[in-house]
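*Asks:* okay, predicted coordinates and the sequence, questions at the end:
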Amino acid sequence: MADGERIENRVEAETVGTLVQFRDVYGGMHLHLPEERRERSLPRMLGARSLHYTDREDQLALLNAARERAVARNVPLVVVCVGPEGVGKTELVTEWLRRLAAEVPGPHLYADMGETGPATAKEALGRFLRLMGEAPEDLPDDLAGLTGLFRTRTHGVPSIVFLDNVALASQARPLLPEAPGSIMVVTSRGLDGVLRASVPLALGRMADAAVHELVAQVSGVDLTAEPRAGDLVAALAGNPSRAFAAGMQLALGQSVAGLVAELARRTHSAGADGSDVADLLESAYTKLDPEAARVYRSLSGLVGRRFGAETVRAAAGVQDGAALDALVAAGLVRREDTGFRLSLGVAAHLAELVPEPEREAALRRVLEGYLRASVRADYSAMPRRWWLGEHYDGYRGTEPPMTEHDAIAWLETELDVILAAAQAAADREWHGLVVRLAEAQWAVCLKRRPYDHWRALYTLGVRSAEELRREGRDVRFLGRMRCGLGFAHLLAGRVEDAAVEFAAAREADAAIGHVRGLATAVESLGLAHLARSGAELLPALVTLDDDAAAEALAAFEENLAVNLALPADLRDARAIALAHRHLGRALSATAAHGRAEEHLRIACDGFRALPDPYNLGKTLIDLGQARIRAGLLSEAAVVLREALELLRADESPAEVVRGLETVGALAERGGDVSGAVGWLSLALENLRFR
């Protein structure tokens, strides 16, 4: 580039929340920001208030008084609500938080910490931060980092954090929002420790008058005209779950006298004190028609207490919702905004009711249902990638059945359940299910990057794949699982760990002659070497480790050769374009500028032909970086313009940021230091507010 040359290519690209006018990149840039930034929506995760909420006015008054003290002292409020199962802790807290939600402008966050076993604070923090708009690739990989980021994001913004079914104080401590006016509520049947400066709230039995009112509300029966109403209230022992179940029985036609007699008979025969709801649940179950009873028993196979109608269809093999509606009407299943839920009492009743062989068969059907649903969503999110599981075969070449947004949203919602499903399958040595479940989470792992979940899931996958290999079954999955685990390490910055997994994948696929898997393993190993080289660190774009760059180059040359050696009917145009892209990146890192340009152009042509705008935009950024290294600054500006336009249209904020950082490097190479600072600042703003 001649001294004094100016780049006159005018580029306009709207990044996330920011309008960028990309003009005179070298010699004078102008950044035009709107007066108002588009605000992202805040999570509103509190459940709905119960139609039948009754009483607990004394406890509500205590909570309101504690809230007033916290506001007066300008500190957050922490409440620990403790009581036995079925006493109404969740309903009380939801009612209270909903009444004052309008006073808390920040995020309203909810997590059931006992849904599929004790959830960790790290898991909850990762999910909350992603819901609050943090890019998955930017989340710290340790609890301290996540805690610090969460406190930064909630600093000065009063927030609500509701953690249900907490068993360990360590599950809650890191999730305390520190802004004055914030509220954290923890419900527990018994906490193992103390939360600093918390307000304890012990929840016991309801008053008899409130039990009477609740039964009447649920049943629609005028209990004042029932001579045995007092006996029924006494038998319910102040337990709202029992009262609700009794109301449902009356609504379904049971008489008050008959229900009192049945409760007395069951309590006497069990020698119990009437403190639980098992007798009422058993009564409700015995009144179900045979099909509804069969569907109810199939719910014993659930791996969590939250589920959708499609899970019931998988568990019981039903196509309509009539039986599920009957379970809701009987009070055995609770309908929620996003599906259905079992209470802990119902889950315990099912565990007692259904013998182990029947539960195991139901579990197998549930896991297979989750696999089918995961494959459907995973294909919708990334329809062009290759796969091993036969469940994908029916989708080959078809239009995705879901939008990418809806598919990723479903997969992310089910992260905990899928991991629990994979663990349940691994515990039973259903290794084929484990590896297929892991493969079907690839899109959400790559796009949302829940690192702990990703590593845990693919670690199970590797172990199961090794067992399958020893048994001579599904032998191709070992390389697939190793690569998946390697990428979890690579994208979290654990480059050496990633290289170990990729090398193991390469060895596994080479040993069985799985060429497609071998190409992926070699490509992945090259990416690890390229990361080690530091060549693409922005804004410097200077290779720090020449040996690592050379290893990357060798791996990518092998990768391209393997892809091109495939028979014509097995060649994958996208894989070949990616192979040229990665080879071009490595050539640029080793200063082979002419060959780098050639391969990156071939990759661009390949992605245009598919079409694949996302990978085309990424490759154009790579081409821009290669041209910057080669000193072709004007030519770099041209392709960076197109890259930003493509990635903005494709709603790829992480890559938009990489593009802006690259423009900053371009400005710095052109001698425009203030311009470089401006572009890098703009990248930072997009990183914060996407």
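*Replies:* In hand now; what should we look at?

*Asks:* beta partners of F307?
*Replies:* Beta-bridge pairing for F307 (DSSP bridges): F340.

*Asks:* burial count for it?
*Replies:* By other CB atoms under 10 Å, 23 other residues sit near F307. Heads up, the C-betas are built off the backbone N, CA and C, glycines and all.

*Asks:* which one is V328 nearest to, not counting chain neighbours?
*Replies:* R335 (5.2 Å; CB to CB, 6 or more residues apart in numbering).

*Asks:* I figured that neighbour hits A329, correct?
*Replies:* No: using CB atoms under 8 Å, R335 is not in contact with A329; the gap is 10.0 Å.

*Asks:* from the centroid of this structure, which residue is nearest?
*Replies:* E412 (2.9 Å; CA atoms, centre = their mean).

*Asks:* re the thing from before, more crowded one of R335 and A329?
*Replies:* Higher neighbour count among R335 and A329: A329, with 15 against 11, using other CB under 10 Å.

*Asks:* that one against Q249, yeah?
*Replies:* No: when contacts are counted by CB under 8 Å, A329 is not listed as touching Q249 (10.8 Å).

*Asks:* list the contacts of the host helix or strand of the residue nearest to the centre of the chain.
*Replies:* Assigned by DSSP states H and E, E412 belongs to helix 404-413. If you take CB atoms under 8 Å, 6 or more residues apart in numbering as the criterion, helix 404-413 is touched by 127, 130, 338, 373-374, 376-378, 380-381, 400, 402, 418, 441, 443-444, 447-448, 450.

*Asks:* next: stretch 550-569.
*Replies:* Counting by CB under 8 Å, 6+ apart, 515-516, 518-519, 522-523, 525-527, 529-530, 532-533, 571-572, 575-576, 579-580, 582-583, 585-587, 589-590 sit against stretch 550-569.

*Asks:* now it: average pLDDT?
*Replies:* Average pLDDT, stretch 550-569: 92.

*Asks:* check which residues of that stretch are buried.
*Replies:* 550-553, 555-560, 562-563 (16 or more other CB atoms under 10 Å).

*Asks:* also stretch 151-168?
*Replies:* 153-154, 158-168.

*Asks:* over to stretch 416-430?
*Replies:* Result for stretch 416-430 [16+ other CB under 10 Å]: buried residues 416-426, 430.

*Asks:* how about JSON lines for these, with secondary structure, pLDDT and distance to E645 added?
*Replies:* Listed next are these as JSON lines, based on DSSP: H, G, I helix; E, B strand; the rest coil; pLDDT from 0 to 100; distance: CB to CB, whole Å:
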{"residue": "D416", "secondary structure": "helix", "pLDDT": "86", "distance to E645": "38"}
{"residue": "V417", "secondary structure": "helix", "pLDDT": "90", "distance to E645": "39"}
{"residue": "I418", "secondary structure": "helix", "pLDDT": "94", "distance to E645": "36"}
{"residue": "L419", "secondary structure": "helix", "pLDDT": "93", "distance to E645": "38"}
{"residue": "A420", "secondary structure": "helix", "pLDDT": "91", "distance to E645": "43"}
{"residue": "A421", "secondary structure": "helix", "pLDDT": "95", "distance to E645": "41"}
{"residue": "A422", "secondary structure": "helix", "pLDDT": "96", "distance to E645": "40"}
{"residue": "Q423", "secondary structure": "helix", "pLDDT": "94", "distance to E645": "44"}
{"residue": "A424", "secondary structure": "helix", "pLDDT": "95", "distance to E645": "46"}
{"residue": "A425", "secondary structure": "helix", "pLDDT": "97", "distance to E645": "45"}
{"residue": "A426", "secondary structure": "helix", "pLDDT": "96", "distance to E645": "46"}
{"residue": "W430", "secondary structure": "coil", "pLDDT": "97", "distance to E645": "48"}
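
*Asks:* for this structure, what's the longest helix?
*Replies:* helix 356-381 (DSSP state H).

*Asks:* now it and helix 404-413, what's the angle there?
*Replies:* What separates the directions of helix 356-381 and helix 404-413 is an angle of 150 degrees, with axes from the mean of the first three to the mean of the last three CA atoms, to 10 degrees.

*Asks:* and A643, what pLDDT?
*Replies:* Confidence score, pLDDT, at A643: 92.

*Asks:* need the buried residues of stretch 151-168 in CSV (columns: distance to L97).
*Replies:* Compiled in CSV, the buried residues of stretch 151-168 are given as follows (distance: CB to CB, whole Å):
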residue, distance to L97
R153, 20
T154, 16
P158, 13
S159, 12
I160, 6
V161, 10
F162, 6
L163, 12
D164, 12
N165, 16
V166, 16
A167, 21
L168, 22
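
*Asks:* identify those among those residues that sit within helices.
*Replies:* Those of the buried residues of stretch 151-168 lying in helices (DSSP H): R153.
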